[in-house]
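Participant: got a predicted structure here, sequence first:
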Amino acid sequence: MYRTSGLVIKYPCCYSVVMVVTRTALAARNRILDATTRVLLSDGADSLTIAAVAREAGMSKGGLFYHFESKHALIEGLIDRLLGGFDRALEGSTSAPGEATRAYLRDGVSLEGAAAGKQLMGGLIGATLVEPALMEPVRERYLAWQARLENDGIDPAVASTVRMAVDGWWMSDTFDLAPPDAQLRLRLAAYLERLVDDAVAGRE
């Protein structure tokens with residue numbers, strides 16, 4: 001967990017130490033993690049080195065080591081940051097039927113969510129190739145997401161359909177596998193929203 005100027009940011013799957021950081025330090029960490037994602041997406045897992053990330057981030061290796069003591073810590077930080085955004089989307093949803101499913105959908109298919117999803121899928125795939133053992137906390141997080149959606153007060157099959165559609169959407173964007181254009185994206189999102197609406201109506 002990281003605390004900066006009263007804002008608490010949790011990285012629950014890999015860190016247990018509480019650190020106090022300044023906004024400047026947090027910005028530097030994010031710059032490093034952005035650079036890590038770019039190296040993974042552009043050059044592949046085999047090219048991920050401290051030197052490559054430092055060069056991409058525009059800092060010295062010493063500057064990078066100030067924030068991340070090893071490549072392993074760098075990958076842990078990347079995974080936690082990538083997954084944390086989607087945690088917050090679900091945690092911010094209400095307990096009303098279908099709301100967690102809607103949150104997952106809306107966060108995933110928004111322009112911001114689409115960009116985050118591309119980073120998520122590309123970063124996770126690259127990171128776990130570098131550190132295969134780190135796939136376990138990723139699986140645990142996905143299990144938690146799936147459990148939340150299955151207990152969203154609607155047919156679990158509908159909630160799971162939405163989740164799988166969003167995950168496939170991210171994959172399509174990440175690898176440029178014929179992603180839908182803007183107009184079709186809107187129609188797909190509206191269709192999935194109607195699935196949730198019908199599931200909510202069906203239980204009333």
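Facilitator: Perfect, thanks for sending it.

Participant: alpha carbons only for contacts and neighbour counts from here, please
Facilitator: Fine.

Participant: just the helices in this structure please.
Facilitator: 23-43, 50-57, 61-67, 71-91, 99-109, 111-130, 135-150, 156-174, 182-203 (DSSP state H).

Participant: mean pLDDT and mean neighbour count added to those, as TSV?
Facilitator: Listed next are the helices of the chain as TSV, based on pLDDT from 0 to 100; neighbours: other C-alpha atoms under 10 Å:
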stretch	mean pLDDT	mean neighbour count
helix 23-43	86	18
helix 50-57	94	19
helix 61-67	93	15
helix 71-91	83	18
helix 99-109	89	23
helix 111-130	65	20
helix 135-150	91	16
helix 156-174	90	19
helix 182-203	92	14
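
Participant: check contacts around L78.
Facilitator: Contact analysis of L78 by C-alpha atoms under 8 Å, 6 or more residues apart in numbering lists 33, 36-37, 123, 127.

Participant: how about R141?
Facilitator: Counting by C-alpha under 8 Å, 6+ apart, R141 makes contact with L83.

Participant: how near is it to A147?
Facilitator: Between R141 and A147 the distance, using C-alpha to C-alpha, to the nearest Å, works out to 10 Å.

Participant: also R187?
Facilitator: The spacing between R187 and A147, counted by C-alpha to C-alpha, is 27 Å.

Participant: could you do D173 as well?
Facilitator: Distance of D173 to A147, given as C-alpha to C-alpha: 25 Å.

Participant: kindly report the same for L90.
Facilitator: In terms of C-alpha to C-alpha, L90 sits 11 Å off from A147.

Participant: what pLDDT does L177 get?
Facilitator: pLDDT recorded at L177 is 88.

Participant: separation between the residue nearest to it when sequence neighbours are not counted and T94?
Facilitator: Residue nearest to L177 in three dimensions, not counting chain neighbours: M171, with 7.7 Å by C-alpha to C-alpha, 6 or more residues apart in numbering. According to C-alpha to C-alpha, M171 stands 28 Å off from T94.

Participant: which residues touch the nearest residue to Q146 once chain neighbours are set aside?
Facilitator: Setting aside the residues directly before and after it, Q146 is nearest to S160 in space (C-alpha to C-alpha, 6+ apart), at 7.3 Å. Going by C-alpha under 8 Å, 6+ apart, S160 touches 146, 149-150.

Participant: now S160: how far from E150?
Facilitator: S160 sits at a distance of 7 Å from E150 (criterion: C-alpha to C-alpha).

Participant: how about F86?
Facilitator: F86 is 16 Å from E150, by C-alpha to C-alpha.

Participant: cool, R88 as well?
Facilitator: Shown here: R88 relative to E150, a distance of 17 Å by C-alpha to C-alpha.

Participant: please apply the same query to P132.
Facilitator: Distance from P132 to E150, by C-alpha to C-alpha: 28 Å.

Participant: with I32 instead?
Facilitator: I32 is 36 Å from E150, where distance means C-alpha to C-alpha.
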